[in-house]
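Colleague: Return a 3D structure for these sequence lines:
(chains A, B, C and D)
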Protein chains: 2
Amino acid sequence: MSPRRTPVGRRDRPAKTPLSRAGLVSVALRIMREEGLERVTMRRLAAELDTGPASLYVYVRNTAELHGALLDELVADLSSPETAQSEWREQLIGLMCAYTELLFAHPSLARSVLLLRPSGPHYLRLIDEVLRLLLAGGMPSRQAAWGVDLLLQQATATAAEQGSRDEAVEAGGEEEDLALAVSEATSETYPHLVRVRDEIMSGTGEQRLRWAFTTIIDGLSHTR
Amino acid sequence: MSPRRTPVGRRDRPAKTPLSRAGLVSVALRIMREEGLERVTMRRLAAELDTGPASLYVYVRNTAELHGALLDELVADLSSPETAQSEWREQLIGLMCAYTELLFAHPSLARSVLLLRPSGPHYLRLIDEVLRLLLAGGMPSRQAAWGVDLLLQQATATAAEQGSRDEAVEAGGEEEDLALAVSEATSETYPHLVRVRDEIMSGTGEQRLRWAFTTIIDGLSHTR
DNA sequence: ACCTGAACACCGTTCAAGT
DNA sequence: ACCTGAACACCGTTCAAGT
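Modeller: Numbering: from 1, shown residues only, chains lettered A, B, ... in the order given. Sure, this is the predicted structure:
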């Protein structure tokens, strides 16, 4: 229809912006938000940027590094909640819940991040903030330092697990297998499981999440 | 060389045993032990069993279910350590460490299990045993019921993370990125991180693992 | 240095057709 | 019911060759 402006252009795209790491990440972010991380593949990204997959390896080492960059972008939007006069403990639980909810929206990213050691500037800011709150709670520095890891891992693992479960409902449905197995357990085979049967699946995700963070923070405070 | 005994046999394999779920799982287990979970693919498994990949779907729903079955086989070998007169707390930490070490040998399985709700008989036995110890510690039943989940998730997440890190050393090396970022952090940008800098990477994997379990159990005991 | 097409070496799952 | 070959619809990464 319109006359060609770029003689060797493969298609009539608006323009071919030069490749850059930032460009890569922003396109990846868009695809992730619109279609999920599953669709963010090197091949798809390359197609979107009107090039071949090999070209991307100039800007990212591999898929894992790309995922790390995506996490950092997400974490950038994480505002410290209510920096007001509420207690450090409540603030910390709020921050951890906010981070977990962020990951809930992208369970497959959580899955990927679990295998990473994120090191982006925004993630470091999150670490620093969690540390601030733990130290504000009067925790010894080793307790605080190791605690950040424990808390962040818990958040990521929960998001990875919970999120993929929602996705897996259509597909497999392994949690129904567990529910079934638990309901069929007898006192002869699994006596303790039977004793707490009703509590094992109880509570909402939100309740159990807050409970988990509270439990860990209690354990951290209880200095030995 | 030798005369054909099976006229339509594709190759001179010893014999073609009929397919079964148990047979599938045992071949999968062997490949996992010898070459790692990465090599346990439907296609590879089919080739090993002298059939096409489609045939496997009679016995397992999908790859996830197969991984669940593999975990259950591993957990079967998990002997309850020292059921002697040592305290419930020490016994529990020992059991959790044993489970984690089991998974350390198969990090990619841990990764996969994180997205599952395992429901095999041996896994249920593990749940029952952890519950027994928590209840022996005098914990209220909701605390115990939710606690099992927290403890087992922590174990799996640690194995998934730690294990893949060992593997990733050859490949990417994202943890070095973090170490670098931490060492380059300044008091202006990340004041709290700088304050605990030396503790954040300290300790061996074993030390931190025991510490994490102790912390969570402390938090669980501290009933609210 | 940056960019590329093509190739290497694979995947999981489904389906129509057989036995 | 069980089993199968072939197909569908893809992957990440590397490499030699170009600019």
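
Colleague: Can you name the residue of chain A nearest DNA strand C?
Modeller: Going by C-beta to the nearest atom of the strand, DNA strand C is nearest to A:A54 of chain A, at 2.6 Å. Every C-beta, even on glycine, is put in place using the N, C-alpha and C of the backbone.

Colleague: Which helix runs longest in chain A?
Modeller: helix A:141-168 (DSSP state H).

Colleague: Mind checking if that one is in reach of DNA strand C?
Modeller: No - contact of helix A:141-168 with DNA strand C (C-beta under 7 Å from any atom of the strand) is absent, the minimum separation being 10.3 Å.

Colleague: Start and end of stretch A:195-202, how far apart?
Modeller: 14 Å (C-alpha to C-alpha, to the nearest Å).

Colleague: How about that stretch, which residues are buried there?
Modeller: Residues A:R195, A:V196, A:R197, A:I200 are the ones in stretch A:195-202 that count as buried (16 or more other C-beta atoms under 10 Å in any protein chain shown).

Colleague: Now do the same contact list for the residue nearest to the third one when sequence neighbours are not counted.
Modeller: In space, not counting the residues next to it along the chain, A:R197 is nearest to A:V182; the distance is 6.2 Å by C-beta to C-beta, 6 or more residues apart in numbering or on different chains. Contacts for A:V182 (C-beta atoms under 8 Å, 6 or more residues apart in numbering or on different chains) come out as A:L193, A:R197, A:I200, A:M201, B:L124.

Colleague: can you tell me how far A:V182 sits from A:T158?
Modeller: 20 Å (C-beta to C-beta, to the nearest Å).

Colleague: and chain A, which of its residues are near DNA strand C?
Modeller: Going by C-beta under 7 Å from any atom of the strand, the residues of chain A near DNA strand C are A:R10, A:P18, A:L19, A:D50, A:T51, A:G52, A:P53, A:A54, A:S55, A:Y57, A:V58.

Colleague: Buried ones from those, can you make that a PyMOL selection?
Modeller: Per 16+ other C-beta under 10 Å, the buried members of the residues of chain A next to DNA strand C correspond to this PyMOL selection:
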select buried, chain A and resi 19
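
Colleague: Farthest-apart pair in the residues of chain A next to DNA strand C, please.
Modeller: A:R10 and A:Y57 (20.0 Å; C-beta to C-beta).

Colleague: So which bits of chain A are right by DNA strand D?
Modeller: Checking chain A against DNA strand D by C-beta under 7 Å from any atom of the strand, the hits are A:R39, A:T41, A:M42, A:R43, A:R44, A:G52, A:P53, A:A54, A:Y57, A:N62, A:T63, A:A64.

Colleague: Apart from its neighbours in sequence, what residue is nearest the third one?
Modeller: If I follow you right, that is A:M42. A:P53 (4.6 Å).

Colleague: ok, A:D128 touching B:Y190?
Modeller: Yes - the criterion here is C-beta atoms under 8 Å, and A:D128 meets it with B:Y190 at 4.3 Å.

Colleague: Between those two, point out the one with more neighbours.
Modeller: B:Y190 (22 against 19; other C-beta atoms under 10 Å in any protein chain shown).

Colleague: Just list the residues touching the more buried one, thanks.
Modeller: A:L124, A:R125, A:I127, A:D128.

Colleague: and if you look at A:M42?
Modeller: Residues counted as contacts of A:M42 (C-beta under 8 Å, 6+ apart) are A:P53, A:L56, A:T63.

Colleague: Check A:V196 too.
Modeller: B:L131, B:L135, B:S141, B:R142, B:A144, B:A145.

Colleague: go again using 10 Å as the cut-off
Modeller: Residues near A:V196 by C-beta atoms under 10 Å, 6 or more residues apart in numbering or on different chains: A:182, A:202, B:127-128, B:131, B:134-135, B:139-148.

Colleague: What separation do you get for A:L178 and B:V182?
Modeller: Taking C-beta to C-beta, one finds A:L178 at 39 Å from B:V182.

Colleague: Check A:D177 too.
Modeller: From A:D177 to B:V182 the distance is 42 Å (C-beta to C-beta).

Colleague: now A:C97
Modeller: As judged by C-beta to C-beta, A:C97 and B:V182 stand 25 Å apart.

Colleague: A:G137 now?
Modeller: Between A:G137 and B:V182 the distance is 22 Å, computed by C-beta to C-beta.

Colleague: A:L220 now?
Modeller: 20 Å.

Colleague: Please, where are all the helices along chain A?
Modeller: A:21-35, A:42-48, A:63-76, A:88-104, A:107-113, A:121-136, A:141-168, A:174-184, A:191-195, A:197-200, A:205-221.

Colleague: tell me which residues in the second one are buried?
Modeller: Translated: helix A:42-48. A:M42, A:R44, A:L45, A:A46.

Colleague: same thing with the longest one?
Modeller: By neighbour count, with 16+ other C-beta under 10 Å as the criterion, the buried positions of helix A:141-168 are A:141-165, A:168.

Colleague: overlap between the residues you listed and the residues near chain B?
Modeller: A:141-150, A:153-154, A:156-158, A:160-165, A:168 (C-beta under 10 Å from any C-beta of the partner chain).

Colleague: Point out where chain A drops to low pLDDT.
Modeller: A:1-16, A:80-85, A:163-173, A:223-224 (pLDDT under 70).

Colleague: ok, the residue in it positioned nearest to chain B - contacts?
Modeller: Closest residue of chain A to chain B, C-beta to the nearest C-beta: A:G219 (2.9 Å). Shown in contact with A:G219 (C-beta under 10 Å, 6+ apart): A:143, A:147, A:150, B:212-222.

Colleague: What subset of those is buried?
Modeller: Applying 16+ other C-beta under 10 Å to these flags A:143, A:147, A:150, B:212-221 as buried.

Colleague: near chain B, anything from stretch A:18-34?
Modeller: No - Stretch A:18-34 stays clear of chain B (C-beta under 10 Å from any C-beta), getting no nearer than 14.3 Å.

Colleague: my read: A:L133 touches A:L92, true?
Modeller: Yes - contact criterion C-beta atoms under 10 Å: A:L133 and A:L92 qualify, at 4.2 Å.

Colleague: shared neighbours of those two, anything?
Modeller: Listed as contacting both A:L133 and A:L92 by C-beta under 10 Å, 6+ apart are A:G147, A:L151, A:I217.

Colleague: B:R208: which of these is nearest?
Modeller: Distances from B:R208 to the shared contacts of A:L133 and A:L92, taken as C-beta to C-beta, are shortest for A:G147 (11.0 Å).
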